[in-house]
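> for reference, the sequence and a predicted model appear below.
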Amino acid sequence: MMNCGYTPRDARNGWIFSAWSLAVAVTYVVATYVLAKTTLPRPIGIALIALALVCLGGAVLAFTRFLREADELLRKIQLEALGVAFGAGAVFTLGYRLCERAGAPKLDVDDGFLIMMIFWTLGQYLGYRRYTSPVEA
């Protein structure tokens, strides 16, 4: 087991960010499905979109707070992971766009975001492995 070095404050801020992220996922999926499969009155559709955007903003603010209040090591791990995610997202987005022009099937705009989330998670894992030591039993 790895010692991730989360202080109680880091853990609390991480859980708050996770809760906002879950809210984003749920509202995004619901909004995408409802807007694609039903005919809603315009004000209800706008309200659904606004709810998803509010959740996205809440997640950004929660992550910003998490980073600001984290210690130097946790901040370093997170920022390195975000750098890996940004790089992977840029390579995927630009590279696959060229593949589309060569005849590959078109992907949805949020597929690049999925790649970024996967590489952010991978970057965090690798950072924790690099900078933390095993817990002695």
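Received it, and whenever you're ready, just let me know what you need.

> from G89, how far out is the nearest residue to V84 once chain neighbours are set aside?
Nearest residue to V84, sequence neighbours excluded (C-beta to C-beta, 6 or more residues apart in numbering): G123, at 3.7 Å. For glycine as for every other residue, the C-beta is placed from the backbone atoms N, C-alpha and C. For G123, the distance to G89 (C-beta to C-beta, to the nearest Å) stands at 12 Å.

> remind me which helix or strand the residue nearest the centre of the chain belongs to.
Nearest to the geometric centre of the chain sits M117, at 4.9 Å (C-alpha atoms, centre = their mean). Element membership of M117, judged by DSSP states H and E, is helix 111-131.

> and that helix, what does it pack against?
Contact analysis of helix 111-131 by 3 or more C-beta pairs under 8 Å, 6 or more residues apart in numbering; DSSP states H and E lists helix 72-101 as its packing neighbours.

> show me what the helix it packs on is packed up against.
helix 42-69, helix 111-131.

> ok so, going back, and G123 and G89? which has more neighbours close in?
More crowded of G123 and G89, by other C-beta atoms under 10 Å: G123, with 22 against 19.

> check contacts around that one.
If you count contacts by C-beta atoms under 8 Å, 6 or more residues apart in numbering, G123 has them with E80, A81, L82, G83, V84, A85.

> how far away is it from R129?
Taking C-beta to C-beta, one finds G123 at 11 Å from R129.

> quick one on the thing from earlier: tell me which residues in the helix holding M117 are buried?
By neighbour count with 16 or more other C-beta atoms under 10 Å, helix 111-131 contains the buried residues G112, I115, M116, F119, W120, G123, Q124, G127, Y128.

> alright, calling it a day.
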